[in-house]
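curious how this folds, go ahead:
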Amino acid sequence: MKFLVICWTIATAIITVTAVGDEILGPGRWDVLNVRQCDNSDQYEYQFNFQKKKLTRDQDCYNGNMSLEHRIDDSFSVRIVLCIVVDGGCKPYTEMSDDSFIGFVQKYAKHNIEKALSTAGIDPPEFPVDPGFYQIKDYVFDYCELPTVGVYGKFGSDTYLIQDEKDMACIHFFLEFREEDDACDGDDEESDEDEE
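Numbers count the residues shown, from 1 in each chain. You can find the predicted model right below:
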(Lines give C-alpha, C1' and ligand atoms only; values in the text may rest on other atoms or scores of the structure.)
Protein backbone atom coordinates (compact mmCIF):
# COMPACT_ATOMS: atom_id res chain seq x y z
CA MET A 1 0.00 0.00 0.00
CA LYS A 2 2.76 2.39 0.92
CA PHE A 3 4.28 2.13 -2.52
CA LEU A 4 0.93 2.58 -4.19
CA VAL A 5 0.69 5.86 -2.34
CA ILE A 6 4.27 6.71 -3.29
CA CYS A 7 3.57 6.14 -6.98
CA TRP A 8 0.34 8.01 -6.72
CA THR A 9 1.96 10.90 -4.82
CA ILE A 10 4.83 11.34 -7.22
CA ALA A 11 2.52 11.23 -10.20
CA THR A 12 -0.12 13.55 -8.73
CA ALA A 13 2.37 16.15 -7.59
CA ILE A 14 4.08 16.14 -10.96
CA ILE A 15 0.82 16.25 -12.92
CA THR A 16 -0.35 19.18 -10.77
CA VAL A 17 2.83 21.16 -11.36
CA THR A 18 2.69 20.41 -15.09
CA ALA A 19 -0.90 21.58 -15.36
CA VAL A 20 -0.59 24.99 -13.73
CA GLY A 21 1.73 27.90 -13.29
CA ASP A 22 3.08 31.03 -14.89
CA GLU A 23 6.73 30.21 -14.29
CA ILE A 24 9.04 29.03 -17.07
CA LEU A 25 7.54 25.97 -18.74
CA GLY A 26 9.46 23.58 -20.95
CA PRO A 27 10.82 20.09 -21.55
CA GLY A 28 12.76 18.31 -18.84
CA ARG A 29 12.87 15.54 -16.29
CA TRP A 30 11.46 15.02 -12.80
CA ASP A 31 13.48 13.98 -9.78
CA VAL A 32 12.36 13.15 -6.24
CA LEU A 33 14.93 14.82 -3.99
CA ASN A 34 13.47 13.72 -0.68
CA VAL A 35 10.48 11.86 0.69
CA ARG A 36 9.27 11.81 4.29
CA GLN A 37 6.18 11.72 6.45
CA CYS A 38 4.22 14.96 6.70
CA ASP A 39 4.49 17.15 9.79
CA ASN A 40 2.47 15.81 12.75
CA SER A 41 2.33 12.41 11.07
CA ASP A 42 1.06 10.65 14.21
CA GLN A 43 -2.43 12.06 13.51
CA TYR A 44 -2.85 9.83 10.43
CA GLU A 45 -4.11 6.25 10.59
CA TYR A 46 -1.68 5.03 7.91
CA GLN A 47 2.00 5.50 8.73
CA PHE A 48 4.64 5.24 6.04
CA ASN A 49 8.16 4.21 6.85
CA PHE A 50 9.96 3.69 3.59
CA GLN A 51 13.33 4.43 2.10
CA LYS A 52 14.38 5.92 -1.22
CA LYS A 53 17.82 5.28 -2.58
CA LYS A 54 19.51 6.41 -5.76
CA LEU A 55 20.43 3.56 -8.12
CA THR A 56 21.70 5.68 -10.98
CA ARG A 57 21.46 9.31 -12.00
CA ASP A 58 18.07 8.57 -13.55
CA GLN A 59 16.67 5.84 -11.27
CA ASP A 60 15.36 5.83 -7.71
CA CYS A 61 14.61 2.66 -5.77
CA TYR A 62 12.04 2.33 -2.96
CA ASN A 63 11.78 -0.26 -0.18
CA GLY A 64 9.26 -0.76 2.60
CA ASN A 65 6.17 -2.51 3.85
CA MET A 66 2.73 -1.78 5.21
CA SER A 67 -0.12 -3.56 6.86
CA LEU A 68 -3.55 -2.57 5.52
CA GLU A 69 -6.55 -2.75 7.80
CA HIS A 70 -8.96 -1.39 5.17
CA ARG A 71 -9.63 -2.34 1.58
CA ILE A 72 -8.26 0.27 -0.84
CA ASP A 73 -11.17 0.90 -3.16
CA ASP A 74 -13.16 3.76 -4.70
CA SER A 75 -14.12 5.05 -1.26
CA PHE A 76 -10.70 6.79 -1.12
CA SER A 77 -10.01 10.20 -2.61
CA VAL A 78 -6.85 12.30 -2.94
CA ARG A 79 -5.76 15.90 -2.23
CA ILE A 80 -2.38 17.41 -3.20
CA VAL A 81 -1.09 20.69 -1.79
CA LEU A 82 1.95 22.12 -3.58
CA CYS A 83 4.36 24.90 -2.77
CA ILE A 84 7.16 26.25 -4.96
CA VAL A 85 10.60 26.94 -3.52
CA VAL A 86 11.55 30.62 -3.71
CA ASP A 87 13.95 32.84 -1.78
CA GLY A 88 12.74 32.72 1.79
CA GLY A 89 10.95 29.39 1.71
CA CYS A 90 8.23 27.47 -0.06
CA LYS A 91 5.29 29.65 -1.11
CA PRO A 92 1.83 28.16 -1.72
CA TYR A 93 1.51 27.25 -5.38
CA THR A 94 -1.62 25.21 -6.07
CA GLU A 95 -3.95 22.57 -4.69
CA MET A 96 -5.85 19.86 -6.49
CA SER A 97 -8.05 16.93 -5.56
CA ASP A 98 -9.89 14.00 -7.06
CA ASP A 99 -12.85 12.05 -5.66
CA SER A 100 -11.32 8.75 -6.83
CA PHE A 101 -7.84 7.74 -5.71
CA ILE A 102 -7.98 4.69 -7.99
CA GLY A 103 -9.14 6.66 -11.02
CA PHE A 104 -6.48 9.27 -10.45
CA VAL A 105 -3.55 6.87 -10.20
CA GLN A 106 -4.76 4.81 -13.14
CA LYS A 107 -4.96 7.95 -15.25
CA TYR A 108 -1.55 9.39 -14.33
CA ALA A 109 0.62 6.44 -13.23
CA LYS A 110 -1.00 3.28 -14.59
CA HIS A 111 2.24 1.46 -15.48
CA ASN A 112 3.95 2.40 -12.20
CA ILE A 113 0.94 1.35 -10.13
CA GLU A 114 0.63 -2.02 -11.89
CA LYS A 115 4.35 -2.64 -11.35
CA ALA A 116 4.10 -1.67 -7.66
CA LEU A 117 1.08 -3.94 -7.11
CA SER A 118 2.85 -6.82 -8.84
CA THR A 119 6.03 -6.25 -6.79
CA ALA A 120 3.87 -6.37 -3.63
CA GLY A 121 2.60 -9.82 -4.67
CA ILE A 122 -0.90 -8.67 -5.64
CA ASP A 123 -2.18 -10.88 -8.44
CA PRO A 124 -3.73 -9.64 -10.61
CA PRO A 125 -2.00 -6.26 -10.10
CA GLU A 126 -5.15 -4.13 -9.94
CA PHE A 127 -7.56 -2.44 -7.54
CA PRO A 128 -9.24 -2.91 -5.16
CA VAL A 129 -6.46 -4.03 -2.79
CA ASP A 130 -7.60 -6.21 0.11
CA PRO A 131 -6.43 -5.79 3.71
CA GLY A 132 -3.16 -7.55 4.51
CA PHE A 133 0.57 -7.17 4.89
CA TYR A 134 2.43 -6.03 1.77
CA GLN A 135 6.15 -5.66 1.21
CA ILE A 136 7.99 -4.10 -1.69
CA LYS A 137 11.72 -4.33 -2.21
CA ASP A 138 13.85 -2.61 -4.85
CA TYR A 139 10.88 -1.01 -6.60
CA VAL A 140 12.21 1.26 -9.36
CA PHE A 141 9.86 4.14 -10.17
CA ASP A 142 9.63 4.90 -13.91
CA TYR A 143 9.92 8.69 -14.23
CA CYS A 144 9.54 8.36 -18.01
CA GLU A 145 5.84 7.61 -17.50
CA LEU A 146 5.46 11.14 -16.16
CA PRO A 147 5.03 14.31 -18.23
CA THR A 148 8.21 15.56 -19.90
CA VAL A 149 7.01 19.16 -20.02
CA GLY A 150 6.59 21.11 -16.79
CA VAL A 151 7.37 24.19 -14.76
CA TYR A 152 11.08 24.39 -13.93
CA GLY A 153 11.85 24.56 -10.24
CA LYS A 154 11.73 22.81 -6.89
CA PHE A 155 8.43 21.95 -5.22
CA GLY A 156 7.13 20.65 -1.92
CA SER A 157 4.10 18.36 -2.08
CA ASP A 158 1.86 17.22 0.77
CA THR A 159 -0.34 14.46 -0.60
CA TYR A 160 -3.30 13.19 1.41
CA LEU A 161 -5.19 9.91 1.09
CA ILE A 162 -8.76 10.59 2.24
CA GLN A 163 -11.69 8.37 3.23
CA ASP A 164 -15.06 9.67 4.46
CA GLU A 165 -13.66 13.23 4.48
CA LYS A 166 -10.91 12.17 6.92
CA ASP A 167 -7.19 12.42 6.09
CA MET A 168 -5.97 8.83 6.48
CA ALA A 169 -2.36 9.35 5.34
CA CYS A 170 0.00 12.10 4.25
CA ILE A 171 3.35 11.96 2.48
CA HIS A 172 5.65 14.91 1.80
CA PHE A 173 7.79 14.94 -1.33
CA PHE A 174 10.47 17.41 -2.32
CA LEU A 175 10.55 17.39 -6.14
CA GLU A 176 12.52 19.10 -8.87
CA PHE A 177 11.73 19.60 -12.53
CA ARG A 178 14.84 20.56 -14.45
CA GLU A 179 15.81 21.02 -18.05
CA GLU A 180 17.82 18.07 -19.37
CA ASP A 181 19.08 17.20 -22.81
CA ASP A 182 18.37 13.51 -22.28
CA ALA A 183 14.87 13.88 -20.85
CA CYS A 184 12.43 11.09 -21.67
CA ASP A 185 10.92 11.60 -25.07
CA GLY A 186 8.64 8.54 -25.27
CA ASP A 187 10.61 6.97 -28.12
CA ASP A 188 12.44 4.42 -25.94
CA GLU A 189 9.36 2.31 -25.26
CA GLU A 190 8.43 2.23 -28.96
CA SER A 191 11.94 1.25 -30.06
CA ASP A 192 12.03 -1.53 -27.43
CA GLU A 193 8.81 -2.93 -28.85
CA ASP A 194 10.17 -2.69 -32.42
CA GLU A 195 13.24 -4.76 -31.46
CA GLU A 196 11.12 -7.68 -30.12
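
from here on, just use CA atoms for contacts and neighbour counts.
Noted.

show me where this structure has helices.
Taking DSSP state H as the criterion, the chain carries its helices at 2-19, 101-119, 187-195.

weakest of those by average pLDDT?
Ranked on mean pLDDT, the bottom entry among the helices of the chain is helix 187-195, at a mean of 41.

measure stretch 38-52 end to end?
16 Å (C-alpha to C-alpha, to the nearest Å).

list the buried ones in it?
With burial defined by 16 or more other C-alpha atoms under 10 Å, the residues of stretch 38-52 counted as buried are 38, 44, 46, 47, 48, 50, 52.

so how far is residue 174 from residue 96?
Note on residue 96: its distance to residue 174, by C-alpha to C-alpha, is 17 Å.

show me which of those two is the more surrounded one.
residue 174 (21 against 14; other C-alpha atoms under 10 Å).

hang on, isn't that one packed against residue 157?
Yes. Here residue 174 lies in contact with residue 157, judged by C-alpha atoms under 8 Å, at a distance of 6.4 Å.

list the buried residues of the longest strand along the chain.
Criterion DSSP state E: the longest strand present in the chain is strand 166-178. For strand 166-178, the buried set under the neighbour-count rule, 16+ other C-alpha under 10 Å, comprises 167, 168, 169, 170, 171, 172, 173, 174, 175, 176, 177, 178.

with stretch 114-129 instead?
114, 115, 116, 117, 119, 120, 122, 125, 126, 127, 129.

just the terminal-to-terminal distance for that stretch.
With C-alpha to C-alpha, one end of stretch 114-129 sits 12 Å from the other.

please apply the same query to stretch 38-58.
End-to-end distance of stretch 38-58 (C-alpha to C-alpha): 25 Å.

gap between that stretch and the chain center?
Here stretch 38-58 is found 11 Å from its chain centre; the criterion is C-alpha atoms, centre = their mean, to the nearest Å.
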